[in-house]
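[1] Next come a sequence and a model predicted from it.
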Amino acid sequence: MKFLNSILSRIVLVVLALLIQIGWIAVMILRLGNFIRYANLILQIFSLLMVFYIAQRDTKASFKLAWVVPILLFPLFGGLIYLFFGTRSPTRGMKKKLECSQAALKEHIPDSSATIEEIATENASAGGQMRYLQNTGGFPVYQNTEARYFPLGEELFDVMLEELNKAERFIFLEFFIIAEGRMWNSVLEILEEKVKQGVEVRVIYDDVGSLTTLPYDYNRQLEKKGIRCISFNPFKPVLSIVMNNRDHRKIMVVDGKAGFTGGVNLADEYINEKLRYGHWKDTAVMLRGEAVRSLTLLFLEMWNAFRPGDSEIDRFLPDPPVLPSSASDGFVQPYGDSPLDGEPLAENVYLNIIHGAKRYVYICTPYLIIDEELEGALTLAAKRGVDVRLITPAIPDKKSAHALTRSHYPKLLSGGVKIYEYTPGFIHAKSFVCDDEIATVGTVNLDYRSLYLHFECGVYFYRSSLVADVKRDFLETQEKCAPAKAQRHRFGMIRGLYHAILRLFAPLF
């Protein structure tokens with residue numbers, strides 16, 4: 001009942017805020033009276049100026065078009081709507097906080113330039129990718145790291161609980177969604193016990209991501225239990241230009257020794273305890289050893305931006321254990337992406353893999369809402385002989401997103417890309433595997449929000465045994481899929497028009 005009341009109160013506040021704004025506009029129009037023609041002219045000029053402003057912005061052409069069309073269609077209020085919703089940049093305050101946090105952690109980032117140059121001599125494409133991630137994002141390459149791949153959320157969950165029970169010093173959790181249920185309640189029970197043992201526990205959850213799954217003041221409830229907590233970018237019942245920027249990362253770090261990331265949130269559907277859209281297929285990775293440092297720093301970057309005060313960062317960065325040669329293999333490079341810097345880092349990671357592929361590239365994604373650059377890269381790779389395969393869901397969680405995904409099928413299929421739909425249910429995995437040498441697993445969907453609006457993370461693997469695990473899982477998953485056929489996805493005029501409209505406004509979804 002308390003949960004329902006908190007949701008109801010939020011809805012009431014949103015409705016009241018919108019009614020107040022609509023009422024204010026109506027009053028202004030009525031008071032203008034005879035001057036309505038002049039007001040109309042002023043608003044039309046303002047909207048036209050907004051079109052010129054959007055045209056000169058350094059952003060994707062698809063974003064520009066998606067805003068220019070509604071502004072021209074609704075010249076009275078299109079420009080005003082853009083001011084409230086159109087900017088993709090966070091406020092200066094958020095940007096400054098995160099930049100200060102990044103600067104404070106910079107000295108704790110190791111330099112792996114020598115390793116990268118050695119790799120580049122034998123594989124220019126992989127070396128270039130690693131160099132890009134280090135030079136642009138400050139993400140080094142590690143060895144002495146053991147990596148484990150999880151093809152299902154259920155398998156991940158059991159190991160997460162084991163690692164949480166081992167915690168002696170600290171536990172960091174950062175998730176887009178936390179939902180009360182078996183999964184979260186099992187984790188919370190361990191967290192409460194660890195707090196009593198003196199373990200420092202910190203939790204970050206996204207407020208909008210958990211809007212319907214947690215009570216309004218859940219962060220305060222956790223604080224009362226001794227669990228330090230941040231509700232990221234809290235939902236406010238007013239028009240806000242920063243509500244688009246969400247923390248979509250999934251990170252768990254235990255004592256700096258074990259780190260997890262992937263697509264799995266802390267909610268029961270991710271472990272198939274609750275069936276919402278058929279079988280939920282998701283993936284994740286666990287790291288042990290040196291590479292855990294980067295996941296720890298990604299968490300601390302977000303935490304210290306909004307809860308500053310850590311003066312002894314080294315206590316969260318223990319010397320990694322020296323792993324036996326049989327456990328440590330390949331190169332591991334965790335990375336994060338942010339909407340702050342204008343650098344589409346995660347998209348560029350994907351593009352670099354596609355452009356560098358020689359034999360094959362296999363991709364899992366829950367959404368396929370992409371621009372011409374990614375669409376062109378996929379079809380170009382297929383046309384030069386690369387075996388390009390995509391797995392998407394057969395059962396959607398969002399009908400409009402599924403329609404947008406399928407709207408890309410005709411061009412991709414005609415270009416030689418093979419597409420398969422996961423018939424048992426919904427596939428939430430976000431993974432690439434390429435040429436038996438390269439893989440990346442993380443939180444980044446092939447959609448506009450993940451690529452341009454959200455805080456995301458992932459792990460890039462080169463010549464790691466985990467690459468074979470990702471490939472094997474893809475091929476086994478493909479056997480449960482139905483291939484998409486070009487003739488099945490030729491749309492009639494009405495359906496084609498509907499898809500064209502959806503794709504035009506896709507950047508706004």
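    Ah, there it is. Numbering: from 1, shown residues only.

[2] Touching, K430 and C364? I think so.
    Yes: checked against Cβ atoms under 8 Å, the pair K430 and C364 is within contact range at 6.6 Å. Any C-beta I mention is one placed from the backbone N, CA and C, and that applies to glycine too.

[3] okay, those two: which has more neighbours?
    When K430 and C364 are compared for neighbours, C364 comes out ahead with 29 against 26, by other Cβ atoms under 10 Å.

[4] Quick check: nearest residue in space to that one, chain neighbours excluded?
    A429 (4.1 Å; Cβ to Cβ, 6 or more residues apart in numbering).

[5] re earlier: where do the contact lists of K430 and C364 overlap?
    T283 (Cβ atoms under 8 Å, 6 or more residues apart in numbering).

[6] about what we covered before: the residue nearest to C364 and S414, how far apart?
    26 Å (Cβ to Cβ, to the nearest Å).

[7] These two: which has the busier surroundings?
    A429 (28 against 12).

[8] mind checking which helix or strand that one is in?
    Using DSSP states H and E, A429 maps to neither a helix nor a strand.

[9] Please apply the same query to E154.
    Short version, using DSSP H and E: E154 is in helix 153-166.

[10] Which residue is the nearest non-sequential neighbour of N352?
    Spatial nearest neighbour of N352, excluding adjacent residues (Cβ to Cβ, 6+ apart): Q129 at 4.8 Å.

[11] On the three-state scheme, that neighbour is what?
    helix (DSSP: H, G, I helix; E, B strand; the rest coil).

[12] looking at it, it is touching Y460, isn't it?
    Yes: in this structure, Q129 is within contact of Y460 by Cβ under 8 Å, at 6.8 Å.

[13] any shared contact partners between those two?
    Contact with both Q129 and Y460 is made by residues 349, 438, according to Cβ under 8 Å, 6+ apart.

[14] and the angle from the helix or strand harbouring R288 to helix 153-166?
    Element membership of R288, judged by DSSP H and E, is strand 284-289. Here strand 284-289 runs at an angle of 30 degrees relative to helix 153-166 (axes from the mean of the first three to the mean of the last three Cα atoms, to 10 degrees).

[15] show me the contacts for E456.
    248-249, 336-337, 346, 442-444, 450.

[16] What score does it have for pLDDT?
    E456 carries a pLDDT value of 98.

[17] Kindly indicate whether it is helix, strand or coil.
    E456 ends up strand, using three-state DSSP.

[18] for the residue nearest to C364, what are its contacts?
    A429 touches 262-263, 281-283, 364-366, 391, 441, counting by Cβ under 8 Å, 6+ apart.

[19] Filter the residues you listed down to just the ones in helices.
    Under the assignment DSSP state H, the contacts of A429 contribute nothing to helices.

[20] Would you map the strands across the stretch 151-300 of the chain?
    Taking DSSP state E, counting those that start in this stretch as the criterion, the stretch 151-300 of the chain carries its strands at 170-175, 200-206, 228-232, 251-254, 258-262, 279-281, 284-289.

[21] Output the longest one as PDB, restricted to C-alpha atoms.
    The C-alpha trace of strand 200-206 is given here as PDB (Å, rounded to 0.1, in the frame of the first residue of the first chain):
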ATOM      1  CA  GLU A 200      31.100  -0.500   4.200                       C
ATOM      2  CA  VAL A 201      28.100  -0.800   1.800                       C
ATOM      3  CA  ARG A 202      27.200   1.700  -0.800                       C
ATOM      4  CA  VAL A 203      24.300   1.600  -3.300                       C
ATOM      5  CA  ILE A 204      23.400   3.700  -6.300                       C
ATOM      6  CA  TYR A 205      20.100   3.200  -8.100                       C
ATOM      7  CA  ASP A 206      18.500   5.300 -10.900                       C
END
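
[22] For it, give the mean pLDDT please.
    Taken as a whole, strand 200-206 has an average pLDDT of 98.

[23] Identify the neighbouring strands of it in the sheet and state each direction.
    Its sheet considered, strand 200-206 pairs with strand 170-175 (parallel), strand 228-232 (parallel) by DSSP bridges.

[24] send the alpha carbons of stretch 336-345 over as PDB?
    What follows is stretch 336-345, C-alpha atoms only, in PDB (Å, rounded to 0.1, in the frame of the first residue of the first chain):
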ATOM      1  CA  GLY A 336      32.400   3.600 -19.300                       C
ATOM      2  CA  ASP A 337      30.400   6.100 -21.400                       C
ATOM      3  CA  SER A 338      28.900   9.400 -20.400                       C
ATOM      4  CA  PRO A 339      26.500  11.900 -22.100                       C
ATOM      5  CA  LEU A 340      28.600  14.800 -20.600                       C
ATOM      6  CA  ASP A 341      31.500  15.000 -23.000                       C
ATOM      7  CA  GLY A 342      29.900  14.700 -26.400                       C
ATOM      8  CA  GLU A 343      32.000  11.700 -27.200                       C
ATOM      9  CA  PRO A 344      29.800   8.700 -28.300                       C
ATOM     10  CA  LEU A 345      32.400   6.300 -26.800                       C
END
